[in-house]
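Visitor: output the structure for:
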Amino acid sequence: MKKITFISTLVFVLAVQSCAKKDDKPVATTTQSSSKQNDSIQSDISQKNLSKNNNLLFDIEGLYQSKDNASCNMNLKLYYSEGKLKYDLKTDRQTLTDFATLTLNEKKDGYYITLKNIKWSENTGAVDSKGNAIDKNLDLPKDIQGSLDKYGITIQNYGNAMNSYEKFAECGLKYINLIKDVK
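Guide: Numbers count the residues shown, from 1 in each chain. Next comes the predicted model:
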């Protein structure tokens with residue numbers, strides 16, 4: 001009985017000590033990770049609202065048009081006004097003008113563009129296995145995001161069975177490809 005108690009106590013003490021040693025290392029790693037995260041957050045913040053005065057990867061001003069006008073007639077003009085990036089958007093159902101922002105993408109070869117104050121057509125959000133919305137009180141988002149490269153802009157227009165949304169009801173395309181007019 002004394003042997004079992006002694007062995008159990010020894011195993012317990014060794015287990016506690018090994019856990020304590022493992023806890024010491026992650027503290028340093030966590031500090032390093034949080035420092036890297038802060039650097040990443042800072043660089044992301046500094047990349048928002050890139051203006052015409054910044055050294056952009058390519059010229060973004062111009063007219064972007066959908067080449068599939070039968071399914072989606074859309075024109076988007078990007079331009080700078082008073083040092084701020086603006087857009088004019090025209091579809092079959094709406095004409096809008098407002099501000100846009102850019103954020104450098106992960107590969108640093110293009111941007112994520114956000115078109116401000118465009119209300120989505122529909123947003124059910126995440127759905128359960130029966131197709132019912134999990135959150136019944138979702139507000140419609142008011143910004144449209146896409147991927148911008150030197151050739152054009154790609155916007156995912158609607159989701160899937162597990163994440164139901166539609167940004168532009170007037171466009172029947174899953175991905176809206178707006179090609180930059182080169183003159």
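Visitor: use CA for all of it now, contacts and neighbours both
Guide: Noted.
Visitor: quick one: low-confidence parts of the chain?
Guide: Along the chain, the parts satisfying pLDDT under 70 run over 1-54, 125.
Visitor: where is the longest strand in it?
Guide: Scanning the chain for the strand with the most residues, using DSSP state E, yields strand 95-104.
Visitor: does anything pack onto it? Which helices or strands?
Guide: Strand 95-104 is packed against helix 2-47, strand 84-91, strand 111-115, with contacts defined by 3 or more Cα pairs under 8 Å, 6 or more residues apart in numbering; DSSP states H and E.
Visitor: given the second one, what are its sheet partners and their directions?
Guide: I take that to be strand 84-91. The sheet places strand 84-91 alongside strand 74-81 (antiparallel), strand 95-104 (antiparallel), with pairing taken from DSSP bridges.
Visitor: turn these into CSV, columns for mean neighbour count and distance to residue 175.
Guide: Compiled in CSV, these are given as follows (neighbours: other Cα atoms under 10 Å; distance: least, Cα to Cα, whole Å):
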stretch, mean neighbour count, distance to residue 175
strand 74-81, 18, 12
strand 95-104, 18, 20
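Visitor: among those, which is nearest residue 183?
Guide: Of all the strands paired with strand 84-91, strand 74-81 sits nearest to residue 183, with 14.0 Å by Cα to Cα.
Visitor: and the contacts of that closest one?
Guide: 51-52, 60-66, 85-92, 178 (Cα atoms under 8 Å, 6 or more residues apart in numbering).
Visitor: same deal with stretch 149-159?
Guide: Outside stretch 149-159, the residues that touch it by Cα under 8 Å, 6+ apart are 58-60, 64, 109-111, 144-148, 164-168, 171, 173-180.
Visitor: which SSE is the nearest residue to residue 177 once chain neighbours are set aside in?
Guide: Distances taken as Cα to Cα, 6 or more residues apart in numbering put residue 154 closest to residue 177, at 4.7 Å, once the chain neighbours are dropped. Taking DSSP states H and E as the criterion, residue 154 maps to strand 152-156.
Visitor: and the next element down the chain from that strand?
Guide: Counting by DSSP H and E, the next helix or strand C-terminal to strand 152-156 is strand 158-160.
Visitor: pull up the pairing partners for that next one, direction included.
Guide: Sheet pairing for strand 158-160, assigned by DSSP bridges, gives strand 163-166 (antiparallel).
Visitor: not counting sequence-adjacent ones, nearest residue to residue 95?
Guide: The spatially closest residue to residue 95, leaving aside those adjacent along the chain, is residue 89, at 5.6 Å (Cα to Cα, 6+ apart).
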